[in-house]
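In: here's my sequence, what's the structure:
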Amino acid sequence: MNLPKLITDLVEAQNSHDAAAYSSLFSENAEVFDEGKNHIGRTAIQKWIENSNQQYQATLKPISYKEAEKGSVFTAEISGTFPGSPVILNFNLVLQQGLIQSLKITG
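Out: The predicted structure is shown next:
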C-alpha cells in the first residue's frame, strides 16, 4: 500500500510506542477526538498517547488510505490489550502544512 510519509511515520511511532515522535506529527494547536474525549494541543496529545500506550499497548496494521476534499481517512486494524482486540478503526484526518491538524478516531 502506498501511504503518505506522514501516515507511515504515524504508524511507526504508534507501533514503537514513541509518544514524542507521535505527537511531533501534529500541529501545535491540533485536536484529537478519541473515546468521547477531545485532546487539544501537542502537549495534551502526547499525554493522551502516552496513557493510551501504557494502558493498551496498541499497534496499527494499515488497511486503506483515502484522500478526500475535506480530509483523509486512514483505516487500520488495531491490536492491543483491550477487550475485543483486534478492531478496525478509521483515523479521520485533516492535514495542514505537512502536519495533522485534526484526528477523529471512529469505529
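In: how far away from the center of its chain is the biggest helix by length in the chain?
Out: Longest helix in the chain, counting residues (DSSP state H): helix 42-56. Centroid displacement of helix 42-56 relative to its chain, using Cα atoms, centre = their mean, to the nearest Å, is 11 Å.
In: can you tell me the closest non-neighbouring residue to residue 3?
Out: residue 65 (5.4 Å; Cβ to Cβ, 6 or more residues apart in numbering). (Glycine included, C-beta is placed from N, CA and C.)
In: for that neighbour, give me its contacts.
Out: 1, 3-4, 7, 72-75 (Cβ atoms under 8 Å, 6 or more residues apart in numbering).
In: between the residues you listed, which has the most around it?
Out: residue 74 (24 neighbours; other Cβ atoms under 10 Å).
In: after the one helix or strand that one maps to, next one along is what?
Out: Taking DSSP states H and E as the definition, one finds residue 74 inside strand 71-79. Scanning forward in sequence from strand 71-79 by DSSP H and E, the next helix or strand is strand 87-96.
In: thinking again about what came up before, mind listing what the strand holding residue 74 pairs with, with the direction of each?
Out: Neighbouring strands of strand 71-79 in its sheet, by DSSP bridges, are strand 59-68 (antiparallel), strand 87-96 (antiparallel).
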